[in-house]
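1. Mind folding the following:
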Amino acid sequence: MMENLGMALMRQMDPERAHGLALWALNKGLAPMPAPLTPYPTLQVELAGLRLPNPLGLAAGFDKNATAIAPLTRAGFGFIEVGAATPRPQPGNPKPRLFRLKEDRAAINRFGFNNDGMDAIGERLAARTDDAVVGLNLGANKDSDDRSADYAKVLTRCGPHVDFVTVNVSSPNTENLRDLQGADALEALLRGVQEARHDAGLTLPIFLKIAPDLETDEIQAIAEVAMGVGIDAIIATNTTKSREGLGSKFRDEMGGLSGEPLFEMSTRVLAQLHKATNGTIPIIGVGGISTVEQAFEKIAAGATAVQMYTGLVYEGLSVVPRIVTGLDSMVLANEYQSIRDVTGIGRNRWL
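-> Residues are numbered from 1 along each chain as shown. Predicted structure coming up:
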């Protein structure tokens, strides 16, 4: 009841202001929190050497500046990704830059990597005392002369304080960033980040986050690069530029679309990627998850784990334990031993 009231009030606010208020309430202990989850042995997974209590993660973008990791962990997420972080602080694009598409259960954002910079974020990550699995999304400054070097800088500064890092070359809100998804540029970038990891004496896994707006040959090329350089996992996918089928008055706003309309597109890319890699690289499925059935379908399409973000805007934090407990029930109802047995079983439905 309290959550529903709070959600209703925040939906009357400007979306970005509401987001900031939600983070403030989490940190002050004022946000309604679900009851603590008991561990589910059926849901424990290993992702690139990381042991997760359950496969439901929080996608990057919700906690850009690593200010609310502890309360978000208590909400029941199996892992959390913060950021994106850039070497220097940057304000991002002019406001307004976040739009709720209520009719479509979606959102459009054009934040443009607004964040406090790697030093401030690194200090917060270093100070945390929880044992949650936390990763950092690496970004590049908008005005950088060498975006590839930016990713290496953030890894070197913040890598000692996180469990994984994600190379984000798929945000549609930084001009020409997606050009780094081309095979040659992507290989050079990933090898540079791996070299920075080695030089810093780190062993943490490196993930790659890709866009949903990719053709089959582009997915194949990315898969070949990822396998060739030995990337540890791929996150599929980021937001989309597509506006197909939208009904909201905000449908023509510039930026990346997330939420329900992204589900089919992102799941199709996920399945194609799983096929292209022959299941040799773990995939994190993200895009349009707000129900247990959608989370299960992502895993069946080839994901080892999943992430959500926009679903929280419409469902609140109570959706987290609802999905986690629901996944346990679906595993048992289908007589699987573990959620691990589900990965890839429904891939062909999406090909």
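2. C-alpha from now on. contacts and neighbour counts both.
-> OK.
3. what's the burial count for Leu214?
-> The tally of other residues near Leu214 (other Cα atoms under 10 Å) stands at 16.
4. which ones are touching it?
-> Val269 (Cα atoms under 8 Å, 6 or more residues apart in numbering).
5. low pLDDT regions in this structure?
-> 1-3, 5-7, 170-181 (pLDDT under 70).
6. Tell me, how many residues neighbour the closest residue to Ile219 other than its chain neighbours?
-> Distances taken as Cα to Cα, 6 or more residues apart in numbering place Leu273 nearest to Ile219, at 6.4 Å, with adjacent residues excluded. Neighbour count of Leu273, defined by other Cα under 10 Å: 24.
7. I'd say Leu273 and Ala223 touch.
-> Yes - contact criterion Cα atoms under 8 Å: Leu273 and Ala223 qualify, at 6.6 Å.
8. what helices or strands is the helix or strand containing the residue nearest to Ile219 leaning on?
-> In the assignment (DSSP states H and E), Leu273 maps to helix 263-276. If you count contacts as 3 or more Cα pairs under 8 Å, 6 or more residues apart in numbering; DSSP states H and E, helix 263-276 packs onto helix 216-229, strand 233-236, strand 283-286, helix 292-301.
9. who touches Leu327 in this structure?
-> Applying Cα under 8 Å, 6+ apart to Leu327 gives the contacts Leu43, Val292, Ala295, Phe296, Ile339.
10. hmm, 10 Å instead?
-> 40, 42-43, 54-56, 291-293, 295-296, 321, 333, 338-339 (Cα atoms under 10 Å, 6 or more residues apart in numbering).
11. Checking my notes, it in a helix, right?
-> Yes - assessed by DSSP: H, G, I helix; E, B strand; the rest coil, Leu327 belongs to a helix.
12. distance of it from Thr237?
-> Here the criterion is Cα to Cα, to the nearest Å. By it, Leu327 lies 21 Å from Thr237.
13. Could you do Ala107 as well?
-> According to Cα to Cα, Ala107 stands 15 Å off from Thr237.
14. Would you mind telling me which of the two has more residues around it?
-> Thr237 (28 against 25).
15. Pro212 is in contact with the more buried one, correct?
-> Yes - contact status for Thr237 versus Pro212: in contact at 5.4 Å, counting by Cα atoms under 10 Å.
16. between the two, what contacts are shared?
-> The contact lists of Thr237 and Pro212 share Ser170, Leu262, Phe263, Met265, Ser266, Thr267, Val269, Leu270, Gly287, where a contact means Cα under 10 Å, 6+ apart.
17. and the residues you listed as JSON lines, adding distance to Arg124 and neighbour count?
-> Putting the shared contacts of Thr237 and Pro212 into JSON lines (distance: Cα to Cα, whole Å; neighbours: other Cα atoms under 10 Å) gives the following:
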{"residue": "Ser170", "distance to Arg124": "25", "neighbour count": "24"}
{"residue": "Leu262", "distance to Arg124": "32", "neighbour count": "23"}
{"residue": "Phe263", "distance to Arg124": "33", "neighbour count": "21"}
{"residue": "Met265", "distance to Arg124": "35", "neighbour count": "18"}
{"residue": "Ser266", "distance to Arg124": "32", "neighbour count": "26"}
{"residue": "Thr267", "distance to Arg124": "33", "neighbour count": "29"}
{"residue": "Val269", "distance to Arg124": "34", "neighbour count": "25"}
{"residue": "Leu270", "distance to Arg124": "32", "neighbour count": "32"}
{"residue": "Gly287", "distance to Arg124": "28", "neighbour count": "32"}
